[in-house]
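In: this one's sequence-less:
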């Protein structure tokens, strides 16, 4: 492995760790905006959501998003980041461009090992799921949010990302396209769950009105 690949890999992993650290910020914001009695619940969701996203994205999300296939979903190297194409060709990252052989040609432009690519994309998927936890804080049951996180990491986020490749030259998922896909879909992920649950203020106000006021003094 030459020096360029080593330096590129270190840089990609460093950038991924910084994105991963965004979970701390989201957790602090959400805990500050929620009622104190739900602080532990909020922080635990921010911890567990990344574990769920990791499993879901590893099982099938990565393959759907970056595998060779149609313009809608990937069909090669689908399960468990196998790195095996339909013809049996193995992923030969960090080879790039015409030298690349394998099932993930959409991301063959980057000269880093396969698992470095996976980790970098994973943190964006996990961050998108974390944003949802803030939008539905104090609104949904814990298990419902966990199940949603799996579904989003396995299907929603990867399919949206795959569709973004249709707007990229020659079908390659460039850094700009990856960022545009991640940042544009994040606000949409929590919009539907939050709209179904309705405003939190109305529920809180009903609870307050049901209690007998207590005035000090």
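Out: Perfect, thanks for sending it. Being a predicted model, the structure only gives us computed values, none of them experimental.
In: going by C-alpha atoms from here, please, whenever you check contacts or count neighbours.
Out: OK.
In: ok, residue 137 to residue 25 distance?
Out: Distance, residue 137 to residue 25, using Cα to Cα, to the nearest Å: 15 Å.
In: looking at these two, which is more packed in?
Out: When residue 137 and residue 25 are compared for neighbours, residue 137 comes out ahead with 23 against 12, by other Cα atoms under 10 Å.
In: how close does the more buried one sit to residue 28?
Out: Look at residue 137 and residue 28: by Cα to Cα, they are 13 Å apart.
In: what do you get for residue 74?
Out: Counting by Cα to Cα, the gap from residue 74 to residue 28 is 36 Å.
In: who has more neighbours, the two?
Out: residue 74 (24 against 14).
In: list the contacts of that one.
Out: 63-68, 162 (Cα atoms under 8 Å, 6 or more residues apart in numbering).
In: quick one: the strands in this protein?
Out: In the chain, no strands are defined using DSSP state E.
In: report the buried residues of the biggest helix by length in it.
Out: Ranked by number of residues, the top helix in the chain under DSSP state H is helix 114-135. Neighbour-count burial for helix 114-135, counted by 16 or more other Cα atoms under 10 Å, picks out 114, 116-135.
In: mind listing residues that contact it?
Out: 9, 12-13, 15-17, 19-20, 22-23, 26, 30, 42, 45-46, 49-50, 53-54, 57, 62, 91, 93-94, 145, 149, 152-153, 157, 182, 186, 189-191, 193-194.
In: so where's this structure shaky on pLDDT?
Out: By pLDDT under 70, the weakly predicted segments of the chain are 1, 71, 165-217.
In: centre-most residue in this protein?
Out: residue 125 (1.0 Å; Cα atoms, centre = their mean).
In: that one and residue 95: what is the separation?
Out: In terms of Cα to Cα, residue 125 sits 24 Å off from residue 95.
In: and the nearest residue in space to residue 28 that is not next to it in sequence, what does it touch?
Out: Spatially, and ignoring its direct neighbours in sequence, residue 28 is nearest to residue 43 (7.9 Å; Cα to Cα, 6 or more residues apart in numbering). By Cα under 8 Å, 6+ apart, residue 43 lies in contact with 27-28, 31.
In: ok, now residue 19?
Out: Neighbours of residue 19 in contact, by Cα under 8 Å, 6+ apart: 123-124, 127.
In: closest to residue 83 out of these?
Out: Nearest to residue 83 out of the contacts of residue 19 is residue 123 (Cα to Cα; 19.6 Å).
In: ok, that closest one to residue 55 distance?
Out: Residue 123 sits 12 Å away from residue 55, going by Cα to Cα.
In: buried set for stretch 10-30?
Out: By neighbour count on 16+ other Cα under 10 Å, the buried set for stretch 10-30 is 12-13, 16, 19-20, 23, 26-27, 30.
In: distance between the ends of it?
Out: 31 Å.
In: coming back round to it: got a winner among the contacts of residue 74 for most neighbours?
Out: Going by other Cα under 10 Å, residue 65 tops these with 32 neighbours.
In: that residue contacts residue 162, correct?
Out: Yes: if you go by Cα atoms under 8 Å, residue 65 and residue 162 touch, sitting 4.8 Å apart.
In: need the overlap of contacts for the two.
Out: With Cα under 8 Å, 6+ apart, residue 65 and residue 162 have common neighbours 73-74.
In: does residue 38 really touch residue 138, like I thought?
Out: Yes: Residue 38 lies in contact with residue 138 (Cα under 8 Å); the separation is 7.3 Å.
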